[in-house]
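S.K.: Dropping the sequence and predicted coords here.
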Amino acid sequence: MKFLFDLLPVIVFFAGYSSGLAFPEYGLNKPIEFATALAIVVSIGQIAWLKLRGKKVEMMQWIGLALILILGGATLFFHSSTFIFWKPTALYIALAASLVVSRYGLKKPPMELLLGKELHLPGPVWDKLMWGWVAFFLLMAGLNLFVAFNFSESFWVKFKLFGVLGLTFIFAIAQGLWLNRHMPKTPADSQES
């Protein structure tokens, strides 16, 4: 459920863009501006919803909100999609940086802090897992810019939802297969061999 909640602004952005609607009387001259305005409203609504329910707002949610307000706001003010094109890249760089900063600031791999109760892995594997995600986020940051500035706006909007989800899913499956090799063997595993 959290996954869908976090993905909601992207889904609403896609739906708003796909609707083809524009509202020039409100300064929303193109579908991308309408979609951006919707994503801003939904992002603010998500934070408000969490605060009203007494839930903790995670740091990355605050960063996502700041990015959509700044880059989405610039898109609406300047009537240029260039700014919103940079939003996913900025978010991916922030995710990669937060992993690296937490690794060296907390003196423990952040993935171990998140998953250490469920997974029991050797120390170096946690670091490799973290660096894998850092590389993935940086690759996605670059790929976003490549798609944004080398393909149509419509293609970028579709890539933002479907391409990113697909690549993340493929990376997560590959990571799971890789992690499986490093899982400690249980007595049941030894008997099967």
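M.R.: Good, I have the coordinates.
S.K.: C-alpha only now, for contacts and for neighbours.
M.R.: Will do.
S.K.: got the residue ranges for the helices in this structure?
M.R.: With helices called from DSSP state H, the chain shows them at 2-18, 31-52, 59-67, 73-78, 82-106, 110-115, 123-150, 153-158, 164-182, 187-192.
S.K.: and the longest one with helix 82-106, angle?
M.R.: Yep, that's helix 123-150 we're talking about. Between the axis of helix 123-150 and that of helix 82-106 there is an angle of 170 degrees, by axes from the mean of the first three to the mean of the last three Cα atoms, to 10 degrees.
S.K.: go on, the first one?
M.R.: Angle between the axes of helix 2-18 and helix 82-106 is 160 degrees (criterion: the same axes, to 10 degrees).
S.K.: By mean pLDDT, point me to the weakest helix or strand of this protein.
M.R.: helix 187-192 (a mean of 54; mean pLDDT, DSSP states H and E).
S.K.: ranking the helices of the chain by mean pLDDT, which is last?
M.R.: Among the helices of the chain, helix 187-192 has the lowest mean pLDDT, at a mean of 54.
S.K.: Between the helices of the chain, which one is closest to Glu25.
M.R.: The stretch from the helices of the chain with the least distance to Glu25 (Cα to Cα) is helix 31-52; that distance is 11.7 Å.
S.K.: Next, the residues that contact that closest one from outside, please.
M.R.: With Cα atoms under 8 Å, 6 or more residues apart in numbering as the contact definition, helix 31-52 has outside contacts at 8-10, 12-23, 28, 56-57, 61-62, 65, 68-69, 72, 75-76, 79, 81, 84.
S.K.: hmm, which of those are the buried ones?
M.R.: A residue is treated as buried here by neighbour count (16 or more other Cα atoms under 10 Å); on that basis the buried members of those are 8-10, 12-14, 16-17, 21-22, 28, 65, 68-69, 72, 75-76, 79, 81, 84.
S.K.: circling back: so which of the helices of the chain is the most packed in?
M.R.: For the helices of the chain, the largest average neighbour count (mean count of other Cα atoms under 10 Å) is found in helix 31-52, namely a mean of 20.
S.K.: How far off centre is that one?
M.R.: Here the centre of helix 31-52 is set off from its chain's centre by 16 Å, with Cα atoms, centre = their mean, to the nearest Å.
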